[in-house]
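In: Starting from these lines, generate the structure:
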Amino acid sequence: MDWTAPRHCAFMALCLLRTAAAADCPIEINPERVVVKYGDPVSANCTVTRTTRGMGWEASVGSIDMQTGPQSLVWSVSSLTDWNVEPKCYANFDTEPKQCLKKLNISLYKYPDSVSISNSPGGAMEEGRPYRLQCDVHRVAPVQYLSVSWYRFGVLLYNETFSEDTTRTPVDVSPTFLITLSHTDNKAQYMCVAELRLGPGGPPQKLTKISDPLVTTVLYKPVLKDPHVEHVLVKHGVEDEYLTCSASGNPAPRYEWKFPPGLPNDQQSQFKKGGVLMHLSPVFPGEYVCNATNSYGTVSKTFVVSLEEGRSRTTFWAILVTGIALAALLLIGYVILKRRAGSMDQERPSRLPAQVMTRR
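Out: Numbers count the residues shown, from 1 in each chain. Model (predicted):
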């Protein structure tokens, strides 16, 4: 039974016979797989390994009716734009299998028109709350070979593929990635990258498209840049000292100070005004507490200010007064002892005659 092309099959049984015989079919296609960019030219050569009665190409574009005589036949298209094209090379033989065909493995691809990243619901985000980042990839094909990757400052966070979707025509996809932000994510850069991984036969270079970075704005309570407690030892001879209370926060924090009792009035005024930097002149020892506050919370820092030994005027006067008091006590004691000794000397002569008379 002769036939001109597979598309002219009149009976389903015949088509099934041709497909079943493909495993033993003496037809070779080179290359076995072609990867073509939408609109580019494409070609493939079909060769039979034994004498044929005729061969041809069945395809929605570039089809070739059966020809007798040739052992090879090239299918080619100058600009491939048919997403559903499935070229098949077929041949007739005098011996079994008398009819067979092979299908060219072809992938027609299209680079995405655009790739963009956004956060839902948009705008500033709060620390500790989950948010979804969305990557919008527009008009890409085939989606089966698409890979979407998420990056933070160039470090890969997550990758998603769509291998189960066999749609051939261009589609839009919008995968999402769930994140929970901390204060370290404020002004962080997130990007998504769409890549077509076309496998063997694909172009040697990576087919990637990168979104513009999404710079995150994170709202968070103040965070100290230094330890919560700082001990400040003022050296002997130093007349002033600076206390720096620095915290990050969004919104920017305001600063309030608590100072130790007895701080001179001229220094209390600057502490009441608040601020990052406080100037102690002269230095007054004690505990100074700085509170950094915004609408999301408060953080405190304590400065324990002490004076190096020998530097404190209070200690100096205490030692001086104590010394004077001891000296006064010693002087008083000396005077009392002196007076007692004088009294004893005056009493001794009146007793002497009696003692002499007794001895006589």
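
In: mind listing what residue 104 touches?
Out: Residue 104 makes contact with 29, 32, 33, 34, 44, 75, 86, 87, 88, 89, according to Cβ atoms under 8 Å, 6 or more residues apart in numbering. C-beta coordinates here come from the backbone N, C-alpha and C atoms, glycine included.

In: change it to 10 Å
Out: Taking Cβ atoms under 10 Å, 6 or more residues apart in numbering, we find residue 104 in contact with 29-34, 42, 44, 46, 57, 59, 75, 85-89.

In: so what's it closest to, chain neighbours aside?
Out: residue 87 (4.4 Å; Cβ to Cβ, 6 or more residues apart in numbering).

In: how many neighbours does that neighbour have?
Out: Per other Cβ atoms under 10 Å, the neighbour tally for residue 87 reads 25.

In: Give the helix, strand or coil label for residue 336.
Out: Under the three-state scheme (DSSP: H, G, I helix; E, B strand; the rest coil), the conformation of residue 336 reads as helix.

In: Pull the number of nearby residues for it.
Out: Residue 336 is flanked by 10 other residues according to other Cβ under 10 Å.

In: now do residue 56
Out: Close neighbours of residue 56, defined as other Cβ under 10 Å, add up to 26.

In: What of residue 148?
Out: Counted with other Cβ under 10 Å, the burial measure for residue 148 works out to 22 neighbours.

In: before we move on, back to that, who touches the residue nearest to residue 104 in this structure?
Out: Taking Cβ under 10 Å, 6+ apart as the criterion, residue 87 is in contact with 29, 34, 42, 44, 46, 57-64, 75-77, 102-106.

In: Is it possible to mark the buried ones in the residues you listed?
Out: For those, a neighbour count by 16 or more other Cβ atoms under 10 Å gives the buried set as 29, 34, 42, 44, 46, 57-59, 62, 64, 75, 77, 102, 104-106.

In: In strands, which of those residues fall?
Out: Taking DSSP state E, the ones among those that sit in strands are 29, 34, 42, 44, 46, 57-58, 64, 75, 77, 102, 105-106.

In: and these as CSV, adding pLDDT and distance to residue 268?
Out: Rendered in CSV, the data for these read as follows (pLDDT from 0 to 100; distance: Cβ to Cβ, whole Å):
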residue, pLDDT, distance to residue 268
29, 95, 92
34, 95, 84
42, 96, 85
44, 97, 90
46, 96, 96
57, 96, 96
58, 96, 96
64, 95, 98
75, 97, 93
77, 97, 88
102, 94, 94
105, 95, 84
106, 95, 84
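
In: nearest spatial neighbour of the residue positioned nearest the centre of the chain, skipping sequence neighbours?
Out: Taking Cα atoms, centre = their mean as the criterion, residue 152 is the residue nearest the geometric centre of the chain, at 4.2 Å. Counting by Cβ to Cβ, 6+ apart, the nearest residue to residue 152 once its immediate chain neighbours are dropped is residue 190, at 5.5 Å.

In: Could you tell me how many residues sit around that neighbour?
Out: With neighbours defined by other Cβ under 10 Å, the count for residue 190 comes to 22.

In: Also the one 5 residues further on?
Out: By the criterion of other Cβ under 10 Å, residue 195 has 19 neighbours.

In: That one contacts residue 207, correct?
Out: Yes - the criterion here is Cβ atoms under 10 Å, and residue 195 meets it with residue 207 at 6.3 Å.

In: Need the residues touching each of the two.
Out: The contact lists of residue 195 and residue 207 share 112, 145, 146, where a contact means Cβ under 10 Å, 6+ apart.

In: Tell me the confidence at the first one?
Out: The reference is to residue 112. pLDDT, residue 112: 96.

In: Show me where the stretch 201-350 of the chain has its strands.
Out: 207-210, 214-215, 218-224, 229-234, 241-244, 247-250, 254-258, 277-280, 286-294, 297-307 (DSSP state E, counting those that start in this stretch).

In: Listing partners with orientation, what would you give for the shortest one?
Out: Read that as strand 214-215. Paired with strand 214-215 in the same sheet, following DSSP bridges, are strand 189-196 (antiparallel).

In: Tell me the buried residues in the strand it pairs with?
Out: Along strand 189-196, these residues count as buried under the neighbour rule (16+ other Cβ under 10 Å): 190, 191, 192, 193, 194, 195, 196.

In: so what's the nearest residue to the last one once chain neighbours are set aside up against?
Out: With Cβ to Cβ, 6+ apart as the measure, residue 207 is the residue that lies nearest to residue 196, at 4.2 Å, once sequence neighbours are left out. For residue 207, the set of contacting residues under the criterion of Cβ under 10 Å, 6+ apart consists of 35, 37, 109-112, 140, 145-146, 194-198.

In: from those, which ones fall inside helices?
Out: Secondary structure assignment by DSSP state H places none of the contacts of residue 207 in helices.

In: Residue 71 and residue 80, how far apart?
Out: Distance, residue 71 to residue 80, using Cβ to Cβ, to the nearest Å: 26 Å.
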